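Engineer: Turn this into a model:
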Amino acid sequence: MNKWDLDKELYSEIAGYAGDSADAFFELLHKWQSSIPPFRDSLTYSDVIEQSKTTKVYGTKWLPFVAAGVAAIVIMSVLIFNIVSQKATYKPAICKAVIGDVHIIRDSKVINLVNGMELLQSDTIVCGKESMAVIEVGSATVRIDQNSEVTIDTLQQTQVLSLAASMNKGILYAAVKKLYKGDSLLVKTKTAVAGVRGTTFLIQSDSRLTKLIVVDGKVLLAPRVAGVPPEQIHGIAVDAGKSCVIDTKTLESIQQSVEEKKIPLDQAIQQLIPVSTADEKAIQALNLIRQNIVQDVVIDTSQPQSLNNLSPIVAIIPYKNDLIATTNTGLYYCGNNIVKWKHEFPVFSKPFIWNDYIIIQSTMLQALDTTGTITWQLDIEGNVIYDGIIPVRDTIVVPTTKGLVYFIHKNGSIVHKINCNAPIVAKPVLFGQMVCVATADGYLYAIDVVLGVSIYRKYIGQVVPNGIFGKYPEIYTVAPSSIQKIHLLKDEIVWKYSDSEIVAAVEHPQGIIFATKRGTLGKISGNGNLQWQISPGKDIHSLQYTSKGIIFIAESVFYQMSDTGEVLWSYTLPVKNTEVLSIGPQTVYIRIENSYLVLRL
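Structural biologist: Next up, the predicted model:
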């Protein structure tokens, strides 16, 4: 119980004026009372008045002076403690520095952001390429980097700071000197909410992922789990020198654990959201920003310094002596294992190198040159079939999940667009002036490259992914239960080999290499005979044929084999969730969960 609760009336009255200073004021009044010998410590303000009426030293004639003294102390103490303890009144959010193309969207109007401009609640700050803005709000300095979009949801600028911002995409750095009692600073992304005390940190986000790096202090990072009120989510405490990533896959895992009642929500969050040590170079760069956050040099700490920092890698493509790598959120051009440049956008396809162009599908199909400049971009329907683009002279053939086959000229114009009425399921096969594709409804189409029309359509049944291979005028088709060779000109089946549970196949100079769900690997010759079959283990995937021989992964073991089915060597991988990303002349890149390893062939 508060020691002043015995005089609730007075305490209530003074608290109305003093607010948070009431306790401090009563402490001062207590000391003042204690300094008067006839008074007991337990005396209240009323006791002071009553005893002053009867005491010899403080008789009735002193009552006005005592009352006046008490009143003066009350008034002075309220004023003093309000002045001492009152938080500074925050100035409005002010733009302290702006570089490049930065504007705000206010009431559906686009306004160029300039130094000294005041920002308001509901403003959206948009930073273009090679641009940035520095915003100061009270004790917080926020830097919004290039290709970013941040909306101010809540901005209270009275005696407390209440700032909530939403990041649609981009990178945000913040340096918060001190937050007082009642202050709050929240940064919301599509997948997480960061609650901040006094600290310096970086947040990078897009529609699928939120990455947090804390330089000093502490940030509480909470996942945005669908159907769960924010107040029920405690989140993860990320301390100085640590980083944390929350993506949509993590959110789905948390939600699934809760819905299936496997573990409580808090336990699921703690188990499924890892906190790791932040990259040292990123921390160093952030420290430089903290020293001078309005400096003109844009330091992009989200750009990994080496290929090893990318996570998770989806694809790696060798290009001359360099490498092109993608994650779900960006494309990175690496030389000598160092990131030279990057493009941040959702990546939906494997990069394809074409005449020094990098063809990639994000929200649009884009062609980048080797410096990262977008040469052209096109809207197309559906997603590009993974690793499904092939070149034909001055055009590329682009098959999509919408059943469309695009022929696109090197200048970015669409030459032909053919509708095959069902999703394309296999990489196209080129026969001189004819391109063949297989569809999900079991049909094989042959399309004339020059005319852009389908000249052949035959029902062949369902094929496995990338299950057609061609040597004009014959074509191999691989179905889950058979492999057959078709003569296109004669429109007849040359031979057919039957098996069961075929899951993958790859073309060999003298036939077809195929894998089954049973864990067997076999080779069919060009005349339809089974030459050999072995059983390396189940879950055979990443099957490829190279100049070094046959490579694949079975369960958690990587194999390199000769053309005769002899195992040349094998390597046991640390986990089962692996995939061959790319094969170079001497090396193979293998994804290991969120990292990768390199094996020499």
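Engineer: Low-confidence regions, the stretch 401-550 of the chain specifically.
Structural biologist: Scanning the stretch 401-550 of the chain for pLDDT under 70 picks out no residues.
Engineer: Run a quick check on K417 versus K402, I expect a contact.
Structural biologist: No. Counting by CB atoms under 8 Å, K402 is not a contact partner of K417; they are 10.6 Å apart. Backbone N, C-alpha and C define where each C-beta goes, glycine included.
Engineer: which ones are touching the nearest residue to S184 once chain neighbours are set aside?
Structural biologist: With sequence-adjacent residues excluded and distances taken as CB to CB, 6 or more residues apart in numbering, S184 is closest to S162, at 5.3 Å. If you count contacts by CB atoms under 8 Å, 6 or more residues apart in numbering, S162 has them with T154, L155, Q156, D183, S184.
Engineer: N321: neighbouring residues, count only.
Structural biologist: 7 (other CB atoms under 10 Å).
Engineer: what's around I144, how many residues?
Structural biologist: 25.
Engineer: And it, how far from K211?
Structural biologist: 16 Å (CB to CB, to the nearest Å).
Engineer: Identify the bridge partners of the residue nearest to S184.
Structural biologist: Beta-bridge partners of S162, counted by DSSP bridges, are Q156, S184.
Engineer: what helix or strand does the nearest residue to D491 once chain neighbours are set aside sit in?
Structural biologist: Spatially, and ignoring its direct neighbours in sequence, D491 is nearest to K458 (6.9 Å; CB to CB, 6+ apart). K458 is part of strand 454-459 when elements are defined by DSSP states H and E.
Engineer: contacting residues around the helix or strand following that strand?
Structural biologist: Toward the C-terminal end, the helix or strand that comes next after strand 454-459 (DSSP H and E) is strand 468-471. Taking contacts as CB under 8 Å, 6+ apart, the residues outside strand 468-471 that touch it are 426-427, 429-431, 436-438, 444, 475-478, 505, 507, 512.
Engineer: Same check on stretch 438-449?
Structural biologist: Under the contact criterion CB under 8 Å, 6+ apart, stretch 438-449 has outside partners 392-393, 395, 403, 405, 407, 416, 418, 420-426, 431, 433-437, 453-463, 467-468, 475, 477, 486, 488.
Engineer: which parts of that stretch are buried?
Structural biologist: Residues of stretch 438-449 classed as buried under the neighbour-count rule (16 or more other CB atoms under 10 Å) are A438, T439, A440, Y443, L444, Y445, A446, I447, V449.
Engineer: which of those residues lies closest to L521?
Structural biologist: L521 lies nearest to A438 out of those, by CB to CB, at 22.7 Å.
Engineer: residues in contact with A133?
Structural biologist: When contacts are counted by CB under 8 Å, 6+ apart, A133 touches C95, A97, V98, I99, V102, L113, I125, C127, R143, I144.
Engineer: For the stretch 201-350 of the chain, give me the ranges with low pLDDT.
Structural biologist: 285, 288-305.
Engineer: can you map out the strands along it?
Structural biologist: 209-216, 218-223, 236-239, 242-247, 275-277, 315-319, 322-327, 330-335, 338-344 (DSSP state E, counting those that start in this stretch).
Engineer: and of those strands, who's closest to D563?
Structural biologist: strand 315-319 (23.3 Å).
Engineer: what's in contact with the closest one?
Structural biologist: By CB under 8 Å, 6+ apart, strand 315-319 touches 323-326, 350-353, 358, 370, 581-582, 584, 589, 596.
Engineer: Can you turn the buried part of the contacts of A133 into a ChimeraX selection?
Structural biologist: Restricted to buried positions by 16+ other CB under 10 Å, the ChimeraX selection for these reads:
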select :95,97,98,99,102,113,125,127,143,144
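Engineer: and the contacts of A133 as JSON lines, adding distance to T520, secondary structure and pLDDT?
Structural biologist: Converted to JSON lines, the contacts of A133 look like this (distance: CB to CB, whole Å; DSSP: H, G, I helix; E, B strand; the rest coil; pLDDT from 0 to 100):
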{"residue": "C95", "distance to T520": "66", "secondary structure": "strand", "pLDDT": "85"}
{"residue": "A97", "distance to T520": "65", "secondary structure": "strand", "pLDDT": "79"}
{"residue": "V98", "distance to T520": "64", "secondary structure": "strand", "pLDDT": "80"}
{"residue": "I99", "distance to T520": "61", "secondary structure": "strand", "pLDDT": "79"}
{"residue": "V102", "distance to T520": "60", "secondary structure": "strand", "pLDDT": "89"}
{"residue": "L113", "distance to T520": "64", "secondary structure": "coil", "pLDDT": "86"}
{"residue": "I125", "distance to T520": "59", "secondary structure": "strand", "pLDDT": "93"}
{"residue": "C127", "distance to T520": "55", "secondary structure": "strand", "pLDDT": "91"}
{"residue": "R143", "distance to T520": "58", "secondary structure": "strand", "pLDDT": "87"}
{"residue": "I144", "distance to T520": "56", "secondary structure": "strand", "pLDDT": "88"}
